[in-house]
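[1] Structure for the following, please:
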Amino acid sequence: MSFSAKSTAFLSSRAPRCWWWRRWQLPCAAPGPAWSYFGGSWPRPILDMSYSRHFLDFQGSSIPSSMKKLVVTKLSPNFREAVTLQQDSPVPLPGDGDLLVRNRFVGINASDINYSAGRYDPSVKPPFDIGFEGIGDVVALGLSASADYTVGQAVAYVKAGSFAEYTVVPAKEAVPLPSVKPEFLTLMVSGATAYISLKELGELSEGKKVLVTAAAGGTGQFAVQLAKKAKCHVIGTCSSDEKGGFLKSIGCDRTINYKTENVESVLRKDYPEGVDVVYESVGGKMFDLALNSLATKGRLIIIGFITGYQNPTGLQPIKAELLPAKLLKKSASIRGFFLNHYFSEYKTALEHLLKMCESGDLVCEVDVGDTSPEGKFTGLESVFRAVDYMYMGKNTGKIVVELPHSVNSKL
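    Below is the predicted model of the structure:
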């Protein structure tokens with residue numbers, strides 16, 4: 001697709017709102033673009049470049065007419081069977097209120113294979129784009145979008161279709177950033193899931209015992225840290241001593257390596273009265289253990305069940321026949337959490353998470369595959385390896401894939 005367009009506009013800014021959550025409060029800054037809070041500079045005007053075949057990006061290289069992207073061509077929880085790398089897809093054209101983002105990093109999520117299996121929206125049929133989140137540079141934009149953004153600005157987003165070299169993102173859905181850092185990407189889905197679910201459903205308070213399963217993973221790392229900030233006692237399950245060491249470094253009080261320790265025995269011995277909150281993402285047997293470990297009035301928050309995603313049904317069996325009796329006996333509860341249902345809380349959560357990340361008050365661990373057999377996850381081709389790496393339980397922190405470009409970035 002050709003990028004013939006005319007854009008003569010100067011950028012303006014708006015006074016942002018300030019969001020709050022209890023004692024963790026952000027200072028209200030002087031009016032200015034929200035991204036300036038995190039170190040950005042004032043926007044520049046976009047010049048009239050209608051004489052050119054393309055919009056030009058801020059490095060002065062033309063946007064290509066074609067790109068690589070991943071597309072679901074067959075519904076299957078087997079990512080390699082479901083997804084195809086297309087080499088010559090047209091680069092999409094941004095509309096009036098859109099940004100064209102050149103992706104620099106994309107995030108891997110356990111639910112990527114739920115999406116490739118068509119579990120979220122059965123009405124959508126292949127082919128369709130895949131990938132939930134990305135971070136990169138604005139290289140072109142519509143006239144209305146230029147009121148708040150400029151070419152060369154760093155942004156992140158949550159939107160289907162991030163597994164591509166370029167993605168069109170509505171300006172109203174973009175998150176302005178001070179720079180393109182993979183650490184920021186960890187917050188978009190994984191960090192926000194932990195923050196909002198614990199805030200809305202966890203009822204955390206000082207002294208409460210919180211169990212986090214898959215605690216060294218992309219979202220588990222944030223559940224551990226946020227629970228500690230609420231002055232809770234945190235227990236984290238993991239699959240290696242190395243991951244246990246990482247968990248201790250971010251404040252986890254008790255780590256349980258389920259490869260070498262019996263989780264049920266440890267919980268029964270060390271926490272005979274049970275745990276007050278469980279942040280659960282594993283499913284199957286781990287769900288059953290967590291349920292049995294709940295204290296009186298305990299709360300189990302389900303944010304996923306990764307052990308079942310590769311199955312045809314997407315589920316692992318649980319001992320559900322006794323569930324009503326177990327909950328009644330303890331006045332306990334189970335709550336599900338799906339981020340899409342809490343977007344009204346998203347801006348508040350993300351602004352606070354970004355503030356903590358920038359100040360060094362929050363560890364945002366990134367796993368780029370340096371220890372994987374074939375090395376670092378680089379290029380869309382490596383997304384397949386990255387998904388396999390996650391399902392082998394190898395990652396510590398959020399798995400991120402870098403998408404290199406021929407342009408030498410100055411960011």
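
[2] So, low pLDDT: which residues of the stretch 51-200 of the chain?
    Residues of the stretch 51-200 of the chain that meet the criterion pLDDT under 70 lie in 51-61.

[3] which residues of it fall in helices?
    79-82, 112-116, 182-186, 192-197 (DSSP state H, counting those that start in this stretch).

[4] Of all these, which one comes closest to residue 379?
    Nearest to residue 379, of all these, is helix 182-186, at 14.8 Å by C-beta to C-beta. Yep, even glycine has a C-beta here, placed from its N, CA and C like the rest.

[5] Residue 359 is nearest to which of the helices of the stretch 51-200 of the chain?
    Comparing the helices of the stretch 51-200 of the chain under C-beta to C-beta, the one sitting nearest is helix 182-186, at 12.5 Å.

[6] I'd like the next helix or strand past the lengthiest helix in the chain.
    Assignment by DSSP state H gives helix 346-359 as the longest helix of the chain. Using DSSP states H and E, the helix or strand that follows helix 346-359 in sequence is strand 366-367.

[7] Output the contacting helices and strands for that following strand.
    With contacts defined as 3 or more C-beta pairs under 8 Å, 6 or more residues apart in numbering; DSSP states H and E, strand 366-367 has these neighbours: helix 182-186, strand 398-402.

[8] okay if I get the ones you listed as TSV plus mean neighbour count?
    As requested, those are exported to TSV (neighbours: other C-beta atoms under 10 Å):
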stretch	mean neighbour count
helix 182-186	25
strand 398-402	25
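
[9] Adding distance to residue 150, write the ones you listed out as CSV.
    Formatted as CSV, those follow (distance: least, C-beta to C-beta, whole Å):
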stretch, distance to residue 150
helix 182-186, 18
strand 398-402, 24
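
[10] With respect to residue 116, which of the ones you listed lies nearest?
    Taking the helices and strands packed on strand 366-367 one by one with C-beta to C-beta, strand 398-402 is closest: 15.8 Å.

[11] Now residue 255. Nearest residue, chain neighbours left out?
    residue 244 (3.9 Å; C-beta to C-beta, 6 or more residues apart in numbering).

[12] how many neighbours does residue 231 have?
    For residue 231, the count of nearby residues is 11 (other C-beta atoms under 10 Å).

[13] which residues does it contact?
    205, 206, 207 (C-beta atoms under 8 Å, 6 or more residues apart in numbering).

[14] out of the residues you listed, who has the most neighbours?
    Neighbour-wise, the contacts of residue 231 (other C-beta under 10 Å) top out at residue 205, 11 neighbours.

[15] wait, isn't residue 401 in contact with residue 381?
    No - judged on C-beta atoms under 8 Å, residue 401 makes no contact with residue 381 at a distance of 9.5 Å.
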